[in-house]
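Participant: fold the following and give me the result.
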Amino acid sequence: MNRPLAERVRPKTLEDYISQHHLVGENGSLTLQISKGIIPSLILWGPPGTGKTTLANIIATTSGRPFYTLSAINSGVKDIREVIDKAKQSGGLFTSKNPILFIDEIHRFSKSQQDSLLGAVEKGWVTLIGATTENPSFEVIPALLSRCQVYILNAFGKVDLEALLHRAMLTDAYLKEKSIELKETEALLRLSGGDGRKLLNIFELVVNSEESDVIVITDKLVNSKVQKNTVLYDKTGEQHYDIISAFIKSIRGSDPNAAVYWLARMIEGGEDVKFIARRMLIAASEDIGLANPTALIMANTTFNAVTTIGYPEARIILSQCAIYLATSAKSNASYLAIGKAQQMVKQTGDLSVPLTLRNAPTKLMKDLGYGESYKYAHNYKNNFINEEFLPSELSGTTFYEPGNNQRENSIKEFLKNRWKDKY
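Facilitator: Numbers count the residues shown, from 1 in each chain. Sure thing, here's the model as predicted:
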């Protein structure tokens, strides 16, 4: 009973592993590789408590490889080199089953720490499995990222979380001694924030707080037993996602006061300045877009500035950008346009590029008609030709529909003048 419930019921096999069917289900992208033991170096990216560490352990066990772990919180370059030396010795020269090195929270490693992994990964001394809650494109150096496959773990849904609870009650020796009825689960699921580990820890707390062996789990019981610590800010848990969501929605809703308040909550909680600035970069394009293209420039400048400066002065720059974005005209037309275009690509596949639009760098390509009949727009009135550039199968399709704001109204006029009825 000294170990937490989440640790006691940690799955040991893929059969017991809940969720992430796109990775380890029957047709999952990792299933065949794991069964054959052909494991590439990889980065597991997903929210806290979604099974990254568990999956790494299962991969190592299933493949029968030596397994080494490091935590980015308390490991330096010296620790990395020591583990790599051990891995080289245990792996041997004549085995295909090279050891697995698992690094938790790899996004916390500095550039020099990540650099120290490159040689071992490239030469195959170890198979690296890194776990991160942050976008590896931003937090993992390109040289290391290019040597790894990135696999995304999804947040647990209601069905997955309830399955975790039921499995815990069926498999944990301590819980099996009690008669537990899950009458209501809304409070448990809400407090967990989609974090499986946090869910099981809260569940265990509630069970342990009851003297009777007959326990009926209700929302009222859960709320009465779990201390409400909403003033605190958990950078790796539910509030991390809830507050950034409230922040972005305040910007989208043109409420600068709310935006600054949620920003202050994150700053006081010690949130990473780059995380906040990255989300404003996304909002500048997703929610403002062509209604005010300068917003993207402002957000990008903010990202560069706070990366250089850091706290406490970065709070002023973040505040300036948040207020600017909140008080800017809004449009999601670009966001909708690329969504429609991607959906069309999925439906229609790889349609051929019209011969007229193809590049013709060789004589053979010219003989085949590449680039033939292409009309150079600048040779015509208004630098425009009334001919579409889509594949013929998609002729007449409209992806971009200008939003109703001053800037995009002028874009709409421009397009109407050129394309007439299409806009």
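
Participant: now Phe109. Its backbone dihedrals?
Facilitator: phi -70, psi 140 (degrees, to the nearest 10).

Participant: which residue, other than its chain neighbours, is closest to Ala87?
Facilitator: Pro99 (4.0 Å; CB to CB, 6 or more residues apart in numbering). All C-beta atoms are positioned from the backbone trio N, CA, C, and that covers glycine.

Participant: report the contact partners of that neighbour.
Facilitator: Contact analysis of Pro99 by CB atoms under 8 Å, 6 or more residues apart in numbering lists 65-68, 87, 90-91, 125-127.

Participant: what's the lowest-pLDDT member of these?
Facilitator: Lowest pLDDT of the contacts of Pro99: Gly91, 54.

Participant: which outside residues touch the helix or strand of the chain with the lowest mean pLDDT?
Facilitator: Ranked by mean pLDDT, DSSP states H and E, the weakest helix or strand in the chain is helix 363-367, scoring a mean of 72. Applying CB under 8 Å, 6+ apart, the external contacts of helix 363-367 come out as 358-360, 371-372.

Participant: could the contacts of Pro99 go into JSON lines alongside distance to Ile316?
Facilitator: Shown next, in JSON lines, are these (distance: CB to CB, whole Å):
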{"residue": "Arg65", "distance to Ile316": "50"}
{"residue": "Pro66", "distance to Ile316": "50"}
{"residue": "Phe67", "distance to Ile316": "46"}
{"residue": "Tyr68", "distance to Ile316": "44"}
{"residue": "Ala87", "distance to Ile316": "46"}
{"residue": "Ser90", "distance to Ile316": "52"}
{"residue": "Gly91", "distance to Ile316": "51"}
{"residue": "Trp125", "distance to Ile316": "47"}
{"residue": "Val126", "distance to Ile316": "44"}
{"residue": "Thr127", "distance to Ile316": "45"}
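
Participant: make TSV out of those residues and add neighbour count, distance to Leu42 and secondary structure.
Facilitator: Shown next, in TSV, are the contacts of Pro99 (neighbours: other CB atoms under 10 Å; distance: CB to CB, whole Å; DSSP: H, G, I helix; E, B strand; the rest coil):
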residue	neighbour count	distance to Leu42	secondary structure
Arg65	22	14	coil
Pro66	18	17	coil
Phe67	18	14	strand
Tyr68	18	15	strand
Ala87	21	16	helix
Ser90	16	20	helix
Gly91	20	18	helix
Trp125	18	16	coil
Val126	25	12	coil
Thr127	25	8	strand
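
Participant: which pair of the residues you listed spans the longest distance?
Facilitator: Phe67 and Trp125 (14.4 Å; CB to CB).

Participant: Phe399 contacts Ala337, correct?
Facilitator: Yes. Counting by CB atoms under 8 Å, Phe399 touches Ala337, with 4.5 Å between them.

Participant: between these two, what contacts are shared?
Facilitator: When CB under 8 Å, 6+ apart defines a contact, no residue borders Phe399 and Ala337 alike.

Participant: separation between Ser328 and Gly124?
Facilitator: 50 Å (CB to CB, to the nearest Å).

Participant: which parts of the stretch 101-250 of the chain are helices?
Facilitator: With DSSP state H, counting those that start in this stretch, the ranges of helices along the stretch 101-250 of the chain come out as 111-123, 136-139, 142-145, 158-171, 173-176, 186-192, 196-208, 219-225, 238-252.

Participant: between these, which one is nearest to Phe389?
Facilitator: Per CB to CB, nearest to Phe389 of these: helix 136-139, 30.1 Å.

Participant: just the mean pLDDT for the closest one, thanks.
Facilitator: 84.

Participant: surely Lys422 touches Thr398?
Facilitator: Yes. Using CB under 8 Å, Lys422 is in contact with Thr398, at 6.4 Å.

Participant: follow-up on the earlier one: okay, Ser328 and Gly124: which has more neighbours?
Facilitator: The neighbour comparison of Ser328 against Gly124 (other CB atoms under 10 Å) goes to Ser328, with 21 against 11.

Participant: which residues does the more buried one contact?
Facilitator: 254, 288, 291-292, 295.

Participant: A helix includes Gly403, no?
Facilitator: No. Assignment of Gly403 by DSSP: H, G, I helix; E, B strand; the rest coil gives coil, placing it outside any helix.

Participant: that one against Tyr335, yeah?
Facilitator: No. Counting by CB under 8 Å, Gly403 stays clear of Tyr335, with 10.2 Å between them.

Participant: need the residues touching each of these two.
Facilitator: What both Gly403 and Tyr335 touch, as defined by CB under 8 Å, 6+ apart, is the set Gly289.

Participant: re earlier: quick one: the residue nearest to Ala87 and Leu199, what's the gap?
Facilitator: Pro99 is 32 Å from Leu199, by CB to CB.

Participant: cool, and Asp242?
Facilitator: On the measure of CB to CB, Asp242 and Leu199 end up 16 Å apart.

Participant: and those two? Which one has more around it.
Facilitator: Leu199 (26 against 14).

Participant: tell me the confidence at the more buried one?
Facilitator: Predicted confidence (pLDDT) for Leu199: 91.

Participant: which ones are touching it?
Facilitator: Per CB under 8 Å, 6+ apart, neighbours of Leu199: 49, 156, 161, 164-165, 188-189, 191-192.
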